[in-house]
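Colleague: Predicted structure and sequence below. I'll ask about it afterward.
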Amino acid sequence: MRVRGHNGARAYSSVVSRTPAPWPPVPTELPEPHPDAPAAGTDLPPHYAFCFGCGDKQGDGLHLRAKVGGEHTIRSRFTVTEAHQGAPGLAHGGLLACAFDEALGTTVGHLLRKPAVTGKLETDFLLPVPVGTTLVIDAHLDGVAGRKVYASAEGRLGADGPVAVRARALFVVVELKHFLDNGREADLRAVAADPSLLGSRPVELNP
Ligand SMILES: CCCCC/C=C\C/C=C\C/C=C\C/C=C\CCCC(=O)SCCNC(=O)CCNC(=O)[C@H](O)C(C)(C)COP(=O)(O)OP(=O)(O)OC[C@H]1O[C@@H](n2cnc3c(N)ncnc32)[C@H](O)[C@@H]1OP(=O)(O)O
């Protein structure tokens, strides 16, 4: 059914339907884990100390912590603090989306051992997430089609709580050049001077 948006633009109601589209949207393969992929049970280090999602050097960041689950899964935890509010006592939806971007990106990066960036991220917010909650996010690598990598996740209010947020994303594998060409020079130099700022990297970064 066709509907009109508030600005008169023509749109399809299916765009905002709760009925999920097929996923992954294209034929994919599920690769064997990379030989250097961390084993089940491994606690993963922050991938970049200044990352808003996982970095130790971002005071009000999300401080997501991730642990490898099965061959294609990673479990992340994120505790919502006062700094993450959107409404009184409730997490901001954009920050929840950030947590899923991080959890999904960590899953793709660590299991495939390739640099990839988010091309598309969809989120379904099912329940409000109160300050003080630890969101437990189980992310799954769903399939690979060339450079395109599909992953999905659900987040619970505590390990055994109800599902509050679901997300799925397309990541696109890129060369390291992507970061070197586009990153701010001062930050690239800081990483070159102190490689420990990058907790995980497939190759040496030497700008
Ligand atoms: C510093 C080194 C780090 C290395 C680390 C590596 C491993 C270490 C382990 C772990 C890492 C751990 C954790 C990571 C944690 C968190 C991750 C957060 C990730 C982010 O937060 S990252 C920031 C936000 N992100 C961006 O900043 C991207 C901006 N963007 C671009 O840079 C380009 O846009 C790009 C590169 C995406 C594509 O550009 P491009 O020119 O290379 O390729 P192209 O356009 O041809 O797309 C190729 C195919 O993807 C399809 N495609 C693309 N976009 C699509 C869309 N939106 N919807 C549907 N399909 C799409 C095309 O349709 C085509 O499909 P097809 O091949 O079938 O035609």
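Modeller: Cool, got the structure.

Colleague: Determine if any part of the longest helix belonging to the chain is in contact with the ligand.
Modeller: Secondary structure assigned by DSSP state H gives helix 93-112 as the longest helix of the chain. Yes. Residues of helix 93-112 contacting the ligand under Cβ under 6 Å from any ligand atom: 101-102, 105-106, 109-110. C-beta here means a position set from N, CA and C on the backbone, and glycine is covered the same way.

Colleague: Between those, which sits nearest residue 64?
Modeller: residue 102 (5.0 Å; Cβ to Cβ).

Colleague: Would you mind confirming that the closest one is in contact with residue 62?
Modeller: Yes. Residue 102 lies in contact with residue 62 (Cβ atoms under 8 Å); the separation is 6.6 Å.

Colleague: joint contacts of these two?
Modeller: Residues touching both residue 102 and residue 62 by Cβ atoms under 8 Å, 6 or more residues apart in numbering: 53-54.

Colleague: May I have the phi/psi pair for residue 195?
Modeller: Residue 195 adopts backbone torsions of phi -60, psi -20, taken as degrees, to the nearest 10.

Colleague: Can you get me a residue count around it?
Modeller: Residues contacting residue 195 under the criterion other Cβ atoms under 10 Å number 12.

Colleague: mind checking how far it is from the ligand?
Modeller: The gap separating residue 195 from the ligand is 11 Å, by Cβ to the nearest ligand atom, to the nearest Å.

Colleague: got it, and residue 140?
Modeller: Following Cβ to the nearest ligand atom, the distance that separates residue 140 from the ligand is 15 Å.

Colleague: what does residue 79 give?
Modeller: 18 Å.

Colleague: Hmm, that residue is touching residue 129, no?
Modeller: No. Assessed by Cβ under 8 Å, residue 79 is found out of contact with residue 129, at 10.5 Å.

Colleague: between these two, what contacts are shared?
Modeller: Counting by Cβ under 8 Å, 6+ apart, the contacts common to residue 79 and residue 129 are residue 135.

Colleague: Looking at these two, which is more packed in?
Modeller: It is residue 129, of residue 79 and residue 129, that has more neighbours when counted by other Cβ under 10 Å, with 25 against 14.

Colleague: show me the contacts for that one.
Modeller: 80, 90-91, 96, 135, 157, 164-165.

Colleague: are any of the residues you listed buried, and which?
Modeller: Buried members of these, counted by 16 or more other Cβ atoms under 10 Å: 80, 91, 96, 135, 157, 164-165.

Colleague: Can you add secondary structure and pLDDT and give the residues you listed back as TSV?
Modeller: Output for the buried ones among the contacts of residue 129, formatted as TSV (DSSP: H, G, I helix; E, B strand; the rest coil; pLDDT from 0 to 100):
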residue	secondary structure	pLDDT
80	coil	98
91	strand	98
96	helix	98
135	strand	98
157	strand	98
164	strand	98
165	strand	98
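
Colleague: between the residues you listed, which is nearest the ligand?
Modeller: Using Cβ to the nearest ligand atom, residue 96 comes nearest to the ligand of those, at 14.3 Å.
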